[in-house]
Structures are given as C-alpha cells and as structure tokens.
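Colleague: here you go, sequence then predicted model.
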Amino acid sequence: MTDCIFCALQHAQATLLDANELAYAVLDIAPIRPGHTLIIPRQHVEDFFELSAEVQMAMLELANRLAKALKVVCNPLRMGMLVSGFDVAHAHLHLVPIHDVHDISSKVLLEGGKLRMPDDQLQQLRGQLHLQLQGPPDELARN
C-alpha cells in the first residue's frame with residue numbers, strides 16, 4: 001500500500017529500533033511516555049487480529065525483547081502493551097513503559113496529554129535502547 005506510513009517506515013533504516021523478518025519496531029514520535037514503542041508487521045493488514053499467528057508471534061518476540069531493554073532504560077513500574085487500531089490503518093502493537101495507572105488508559109488520549117517528542121530525545125533514547133539490544137537491527141531484517 002503506497003500511502004501507508006507504516007509500510008513506508010519499515011524501509012527508513014535510521015528510525016528502526018529492532019526488527020525481524022516479519023515485523024519491526026520504532027519509537028512512537030508522540031509517546032504516552034518516553035520509550036513508547038510501536039511493533040509493526042511488515043505485511044499491510046489493518047487489523048491485528050487478522051494477522052497470521054506466525055506474524056503475531058514475531059511481533060510478540062520483538063515486544064518481549066524490547067520490554068527488557070525498556071525496563072532498564074526507562075525504569076517503569078510496569079510495561080504495558082495494547083492494540084488500539086484507531087490511529088493508523090495498519091496493524092500494530094503499542095509497548096508502553098508505565099509510570100502511572102493512567103498511562104495507557106484513555107485519560108492521556110482524551111485529555112490531549114500526548115506531545116510530540118523532540119527528535120534529539122528520540123535519537124538519544126533510540127541509542128540507549130540499541131545498546132541494551134546489543135546493536136542496531138541486522139541487515140537481513142531491514143530488507
């Protein structure tokens with residue numbers, strides 16, 4: 001799909017946080033909390049629950065790997081994961097470091113609490129997470 005931001009984003013190597021053959025991860029540019037990460041399938045499917053079990057498992061493998069790194073870098077009380085499907089018509093998971101009970105409730109969204117994270121802060125956080133993940137995504141997963 002040519003007009004899908006997530007279909008295009010998988011080829012933007014500078015923004016990839018982690019990847020495997022079937023899915024990739026990027027930091028959300030308008031995070032609920034710093035470290036808010038999107039796990040996105042490479043295949044364009046609008047609904048997460050329409051994805052094959054194989055693709056869902058590939059996404060969950062990335063989420064588990066990233067959750068460990070996010071716990072070290074962001075020091076949250078908990079890690080949260082959700083599927084909302086309203087913001088972009090391409091299936092994806094939200095992986096969110098939770099510091100407050102309302103972090104992944106509708107309160108942040110309904111009250112307009114999400115702000116765009118500055119590029120330099122995204123770069124710094126991406127670098128810290130790459131260190132925790134033992135380097136950038138491998139070349140095979142990027143293609």
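Modeller: Everything's here; your move.

Colleague: element containing the most centrally placed residue in the chain, please.
Modeller: Nearest to the geometric centre of the chain sits Leu38, at 1.7 Å (C-alpha atoms, centre = their mean). Assignment of secondary structure by DSSP states H and E places Leu38 within strand 37-41.

Colleague: quick one: contacts of that strand?
Modeller: When contacts are taken as C-beta atoms under 8 Å, 6 or more residues apart in numbering, the neighbours of strand 37-41 outside the stretch itself are 6, 9-10, 17, 22-28, 51, 55, 58-59, 62-63, 66, 70, 90-96. (Each C-beta comes from the backbone N, C-alpha and C, glycine too.)

Colleague: mind checking which of those residues land in helices?
Modeller: For those, membership in helices holds for Phe6, Leu9, Val55, Ala58, Met59, Leu62, Ala63, Leu66, Leu70, with DSSP state H as the criterion.

Colleague: show the contacting residues for the residue nearest to Phe48 when sequence neighbours are not counted.
Modeller: Spatial nearest neighbour of Phe48, chain neighbours left out: Ala91 (4.2 Å); criterion: C-beta to C-beta, 6 or more residues apart in numbering. For Ala91, the residues meeting the contact criterion (C-beta under 8 Å, 6+ apart) are Ile40, Pro41, Val45, Glu46, Asp47, Phe48, Glu50, Leu51, Val83, Gly85.

Colleague: switch the cut-off to 6 Å
Modeller: Under the criterion of C-beta atoms under 6 Å, 6 or more residues apart in numbering, the contact list for Ala91 reads Pro41, Val45, Asp47, Phe48, Leu51.
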